[in-house]
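> Quick one, structure for this:
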Amino acid sequence: MYIMKALQFIKHHFRWILLLILMSFSATLWYVAIRENRDGILTISFLNIGQGDAIFIESPTGMQVVIDGGPNKAIMKEITSIMPWYDRHIDMIMVTNPDKDHYEGFIPLFSRYTIGVEVEPGTVSQTEMYRTLKNIIQTKKVASIVARRGQIIDIGGGAYIQILFPDRDVSGLSTNNGSIVAKLVYGQTSVLLTGDSPIAIEEYLISQDKTILDSDILKVGHHGSRTSTSGAFVQAISPAYAVISAGKDNSYGHPHKEVLDILAKKKVPVLGTYDLGRITFVSDGKRLVRK
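Coordinates of the predicted model:
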């Protein structure tokens with residue numbers, strides 16, 4: 001009886017129902033068009049995921065890159081609040097090193113999003129959780145690339161990610177020593193992304209070509225640990241800002257006072273996710289501005 005009444009209602013009001021459907025569809029298309037109009041802007045967000053690293057990049061053409069996945073499911077809330085509801089694809093993920101606080105969040109991410117490409121340094125982890133991630137990547141047939149110095153990853157609109165380290169097979173190195181160091185470049189603006197790279201690797205990079213390190217923003221190595229971020233490294237980068245990704249009141253005491261003192265001595269303002277939550281910058285290719 002109810003079905004018959006419903007069918008009769010649809011029959012008598014078909015034109016109005018069709019009009020409402022078309023209006024809803026048009027509104028959705030309008031929303032998508034507005035959302036997708038980036039006006040040549042690149043966005044980089046240091047996500048609020050606690051004690052770990054997770055960075056979201058959206059290029060001027062809309063390509064989306066996530067560098068590190070953080071230590072837990074916190075990245076899911078962050079990504080769903082940044083990406084539009086209709087978008088279920090991420091073009092590239094990068095695991096700067098296979099420590100839990102850099103990749104664990106990628107495991108649940110695969111349950112909601114398809115991933116185009118995975119980039120990794122080639123260091124090895126024997127943990128069950130990392131094997132789970134690698135099995136998911138293999139099962140879903142995601143292309144996997146080993147990062148090497150000199151690689152230029154085009155992310156669209158003139159923006160690219162340049163790999164500075166590793167420059168060799170790092171399978172025999174510790175996860176931190178083999179960490180990916182990369183530079184995000186868009187026009188005249190740039191961000192140096194250091195993973196957990198220690199001072200020894202910083203010194204090596206300076207010896208190779210310190211001019212290439214110059215950047216507007218430094219993502220401080222190893223969450224502000226004293227094992228990274230030497231004065232010479234900061235001097236070579238000469239950043240306008242330093243961003244530290246760490247959990248509030250974390251058990252490691254990050255960021256360490258020694259690092260904060262170095263940055264203060266170099267007169268580099270520090271922005272920490274432990275104080276500010278998510279930290280976002282936008283670039284038009286000429287200036288990087290905090291959003």
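> what about the strands in the stretch 51-200 of the chain?
54-58, 64-69, 89-94, 114-120, 143-146, 152-156, 159-165, 181-186, 189-193 (DSSP state E, counting those that start in this stretch).
> List the strands paired with the last one, with their directions.
Put plainly, it is strand 189-193. Within its sheet, and counting by DSSP bridges, strand 189-193 is paired with strand 181-186 (antiparallel), strand 217-219 (parallel).
> Check the second one too.
According to DSSP bridges, strand 64-69 has the following sheet partners: strand 54-58 (antiparallel), strand 89-94 (parallel).
> Same question for the fifth one.
Partner strands and pairing direction for strand 143-146 (DSSP bridges) are strand 114-120 (parallel).
> now Ile107: how far from Val124?
18 Å (C-beta to C-beta, to the nearest Å). Every C-beta, even on glycine, is put in place using the N, C-alpha and C of the backbone.
> Give me the more crowded residue out of those two.
Remark: of Ile107 and Val124, Ile107 carries more neighbours, 18 against 14, as counted by other C-beta atoms under 10 Å.
> measure the closest residue to the more buried one other than its chain neighbours to Val95 for me?
Nearest residue to Ile107 in three dimensions, chain neighbours excluded: Leu133, at 5.6 Å (C-beta to C-beta, 6 or more residues apart in numbering). Leu133 sits 8 Å away from Val95, taking C-beta to C-beta as the criterion.
> And these two? Which one has more around it.
Val95 (28 against 23).
> quick one, what contacts that one?
Asp68, Gly69, His102, Tyr103, Phe106, Glu118, Val119, Glu120, Pro121, Leu133, Ile180 (C-beta atoms under 8 Å, 6 or more residues apart in numbering).
> one step back: shared neighbours, Leu133 and Val95?
With contacts taken as C-beta under 8 Å, 6+ apart, Leu133 and Val95 have Tyr103, Phe106 as neighbours in common.
> ok, Tyr113 touching Ile93?
No - with contacts counted by C-beta atoms under 8 Å, Tyr113 stays clear of Ile93, the gap being 9.3 Å.
> Please work out how many residues are found near Pro269.
Around Pro269 there are 11 residues (other C-beta under 10 Å).
> pLDDT at the closest residue to it other than its chain neighbours, what is it?
Of all residues not flanking Pro269 in the chain, Tyr241 sits nearest, at 5.5 Å (C-beta to C-beta, 6+ apart). We have a pLDDT of 98 for Tyr241.
> Check whether Tyr241 really touches Lys266, as I assumed.
No - distance between Tyr241 and Lys266: 11.7 Å, which falls outside the contact criterion (C-beta under 8 Å).
> okay, these two: which has more neighbours?
Tyr241 (19 against 14).
> What are the neighbouring residues in contact with the more buried one?
Neighbours of Tyr241 in contact, by C-beta under 8 Å, 6+ apart: Asp216, Ile217, Leu218, Val268, Pro269, Val270, Leu271, Phe281, Arg290.
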